[in-house]
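K.L.:
When you get a sec, could you give me coordinates for this:
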Amino acid sequence: MKNKSISIVKFGILLLPFFLINIGEVKAQQDPNYTQYMLNTMVINPAYVGSRGVVSVGGLYRSQWMGLEGAPKTQTFNVETPVGENMGLGFSIVNDNIGDGTVQETYFDVAFSYTIKVNDESNLAFGINAGGDLLNIDFTNLINYGIEPNLTNIDNKFSPNFGVGAYYYTEKFYAGISVPSLLETEHFENSDDSSSSFLATERMNFYFTSGYIFELDRKTKLRPSVLVKAVSGAPVQVDLSANFLFNEKFTAGAAYRFGSSLSALFGFQITEKLMLGLAYDVATTQLGSTTFNDGSFEVFLRFDFISRYRREVTNKFF
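P.N.:
The predicted structure is shown next:
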């Protein structure tokens, strides 16, 4: 029964573009989700770059709905560094793959931030990012399921974009707001046949993030955090998480995405410069609990280089 349900869902995922062509306009498209958003902030807020005071290289891999063939897989790679005392510079790549190569979209951008020192303990940074994405859709994959759609493949369609953000932070608190993609990109064009017209528009995604560090004792800290994501035409997404940091080396916690999933989070400061983060999600929806029962997995790795502006990481917790 499990293998049968997996095949059915895979079939549905691969046919999704074909079905959408017959139902008209898709009014909203959301950016990829990350359970470890507090460690991958640069991807959603350009004002974050340089805030940690060190040169950092980070990568994330997410496998959505493990055990489901053709399910989404996401990879991110980013580099960020302080430039002088008040500026930051970063570069990021995000790759999304759905249907074992049927739909592949790669986003890339360069981010710049400028920080204003509010007082001795707090900072306010403003950021901007510019780049674009490449979209590939291979409709010929549908032939494997006995369907021969009369559709032209999309090869490396480039769409430019840019975004903005603001980020306020101290040693124990942070809050950010951002719109990483301000342009509403149209990925498809209407065909001459109105019965098969299809227009997919990527809307602006609005993000709000915040977190605070409580020192419970000399060796234990607690950091609750929240992410709110809103996009026109889709429900507001709210992620809540809480992580404990033990002896500046090990983190453990849980997260809940309202109406979607429950997650376990773990982190290891392997060395002073190398950090590993892990997350496992279990779907809480009725469909997810029966079909996506292998959950989703996410791994994050970050390496910090010595900066000539600061001798150590300002904060290892976000």
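K.L.:
Show me where the stretch 201-318 of the chain has its helices.
P.N.:
286-291 (DSSP state H, counting those that start in this stretch).
K.L.:
Sketch out the low-pLDDT regions of it for me.
P.N.:
201-202, 286-293, 306-318 (pLDDT under 70).
K.L.:
any idea where the strands of the stretch 151-300 of the chain begin and end?
P.N.:
154-169, 173-179, 185-186, 198-202, 205-212, 214-215, 220-231, 237-246, 250-257, 261-269, 274-283, 296-305 (DSSP state E, counting those that start in this stretch).
K.L.:
what packs against the second one?
P.N.:
The criterion is 3 or more Cβ pairs under 8 Å, 6 or more residues apart in numbering; DSSP states H and E, and the helices and strands that strand 173-179 contacts are strand 154-169, strand 205-212. Placement of C-beta: from N, CA and C, glycine included.
K.L.:
got a markdown table for the strands of the stretch 151-300 of the chain, with distance to residue 116 and mean neighbour count too?
P.N.:
Listed next are these as a markdown table, based on distance: least, Cβ to Cβ, whole Å; neighbours: other Cβ atoms under 10 Å:
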| stretch | distance to residue 116 | mean neighbour count |
| --- | --- | --- |
| strand 154-169 | 10 | 17 |
| strand 173-179 | 15 | 19 |
| strand 185-186 | 32 | 15 |
| strand 198-202 | 32 | 18 |
| strand 205-212 | 19 | 19 |
| strand 214-215 | 27 | 12 |
| strand 220-231 | 23 | 18 |
| strand 237-246 | 28 | 18 |
| strand 250-257 | 30 | 17 |
| strand 261-269 | 30 | 18 |
| strand 274-283 | 28 | 18 |
| strand 296-305 | 24 | 18 |
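K.L.:
Run through who's touching stretch 253-260.
P.N.:
33, 35, 223, 235, 237-244, 262-265, 279, 281, 283-285, 288 (Cβ atoms under 8 Å, 6 or more residues apart in numbering).
K.L.:
List the contacts of the closest residue to residue 37 other than its chain neighbours.
P.N.:
Excluding its sequence neighbours, the residue lying closest to residue 37 (Cβ to Cβ, 6 or more residues apart in numbering) is residue 227, at 5.0 Å. Shown in contact with residue 227 (Cβ under 8 Å, 6+ apart): 37, 38, 207, 208, 209, 237, 238, 239.
K.L.:
and residue 176, what is it in contact with?
P.N.:
41, 45, 47, 48, 165, 166, 167, 168, 207, 208, 209, 210.
K.L.:
Okay, now the unreliable bits of the stretch 1-150 of the chain?
P.N.:
Across the stretch 1-150 of the chain, the ranges flagged by pLDDT under 70 are 1-32, 100-101, 141-150.
K.L.:
mind listing the helices for it?
P.N.:
According to DSSP H, counting those that start in this stretch, the helices that the stretch 1-150 of the chain contains are 2-23.
K.L.:
still on that earlier bit, quick one, which of the strands of the stretch 151-300 of the chain is nearest to residue 137?
P.N.:
Evaluated over these, closeness to residue 137 peaks at strand 154-169, with 4.3 Å, by Cβ to Cβ.
K.L.:
Note down every partner strand of that closest one and its orientation.
P.N.:
strand 123-137 (antiparallel), strand 173-179 (antiparallel) (DSSP bridges).
K.L.:
mind putting those in TSV, distance to residue 103 included?
P.N.:
What follows is the strands paired with strand 154-169, written out as TSV (distance: least, Cβ to Cβ, whole Å):
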stretch	distance to residue 103
strand 123-137	5
strand 173-179	24
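K.L.:
and residue 275, which of the ones you listed is closest to it?
P.N.:
Judging the strands paired with strand 154-169 by Cβ to Cβ, what sits closest to residue 275 is strand 173-179, at 17.2 Å.
K.L.:
for that closest one, the distance to its chain's centre please.
P.N.:
Relative to its chain's centre, strand 173-179 lies at 15 Å (Cα atoms, centre = their mean, to the nearest Å).
K.L.:
Using CSV, write out every CA atom in it.
P.N.:
Extracted C-alpha coordinates of strand 173-179, given in CSV (Å, rounded to 0.1, in the frame of the first residue of the first chain):
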residue,chain,number,x,y,z
PHE,A,173,18.2,39.7,20.3
TYR,A,174,17.5,40.1,16.6
ALA,A,175,14.6,41.1,14.4
GLY,A,176,14.5,41.4,10.6
ILE,A,177,12.0,42.2,7.8
SER,A,178,12.7,41.6,4.2
VAL,A,179,11.4,41.1,0.6
